[in-house]
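Undergrad: sequence and predicted structure, then a few things I'm wondering about:
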Amino acid sequence: MIKVSEINIYPIKSLGRISKKKISVEPNGLSNDRNFMLIDNNNQFITQRKHPSLALVSVTEKEQSFIIQAPNKKDLIFSKNTLTANKEKVTIWKDTCSAIFANETINLWFSEYLGFAVSLVAYDHLNPRATDPLFSNEKDIVSFADGFPILVISQASLDDLNSRLINPVTMQRFRPNIVVEGCGAFNEDQWRNIKIADVEFEAVKICSRCILTTINPITGVKDENGEPLKTLSQFRKNVSGVKNEKGVFFGMNLIPRSMGEINISDEVVVETS
């Protein structure tokens, strides 16, 4: 039996994860996943790809507040609703979407940590961001995740990768929302429709990976040999059946086709593959 072994959200894009025992599935992804993001003075999103020290910033929840912790910084605590009335267009990859700015106290904390001016912005649920139309339906939406609402990876896929590495890596390198166990390595490549508890998902695109996977989530340091991306590139290019031109692939992107709640240990039913 295939079942859910981990559920993770990343409330602020490119910062630390919060592991959950259960969570609500919403049209744009798991509840509170990547609903916040950091941007520079040009309203361009920033991530660990260029700023690996973000890997050292942790996020925890307490009731309706977030607690943000980083090396050599006093904890930042703010309400999930600590927003201004200021809405502006921001850019994430090739998308431009509406976002709501946080207050200056929050922005200053992150700016001091990174050493340059940044702002924290929240997802504008009244003006949602569309997913890539090449792989989804016209009304499909996504938060500030890279391209699709949910990423699933099987534990067997990570085990296969680690069997090829001199220094094994943790699942945190790949920042999945859902980890499953009980299936073969890379079985998720072939999934088309799955069901977890009573929630339906469509598997729309295998996930192309980038240099963020080379950043150690514990130290914030890039691997000098480019691992695990280097090893993945040796056997995870041109994966059969992938509707994509290029890339190194690991994990599957999902779009919810119904709403509901999922839990750790829920059975994953592969309805079509």
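TA: Perfect, I can see it now.
Undergrad: average model confidence for stretch 157-177?
TA: The average of the pLDDT scores along stretch 157-177 is 98.
Undergrad: what comes up buried for stretch 80-91?
TA: Residues of stretch 80-91 classed as buried: Thr82, Leu83, Lys87, Val90 (neighbour count, 16 or more other C-beta atoms under 10 Å). Where you see a C-beta, it was placed from the backbone N, CA and C, and this is true even at glycine.
Undergrad: if I look at the first one, how far off is Ile7?
TA: Spelled out, it's Thr82. Computed as C-beta to C-beta, to the nearest Å, the Thr82 to Ile7 distance reads 25 Å.
Undergrad: do the same with the second one
TA: Look at Leu83 and Ile7: by C-beta to C-beta, they are 26 Å apart.
Undergrad: domain parsing for the chain?
TA: 30-127, 132-272 (automatic domain parsing).
Undergrad: any idea which of the ones you listed gets closest to Ser19?
TA: domain 132-272 (9.1 Å; C-beta to C-beta).
Undergrad: show me what contacts Ile92?
TA: Neighbouring residues of Ile92 by C-beta atoms under 8 Å, 6 or more residues apart in numbering: Met37, Phe45, Arg129, Phe144.
Undergrad: hey, what's it bridged with?
TA: Asp95 (DSSP bridges).
Undergrad: thinking again about what came up before, of all the domains of the chain, which one is nearest Ile2?
TA: Of all the domains of the chain, it is domain 132-272 that lies closest to Ile2, at 4.1 Å by C-beta to C-beta.
Undergrad: quote the end-to-end distance of the closest one.
TA: This stretch, domain 132-272, spans 22 Å end to end (C-alpha to C-alpha, to the nearest Å).
Undergrad: what strand or helix carries the residue in the chain sticking out farthest from the centre?
TA: Most distant residue from the mean C-alpha position of the chain: Ala85, 26.7 Å away (C-alpha atoms, centre = their mean). According to DSSP states H and E, Ala85 maps onto strand 83-92.
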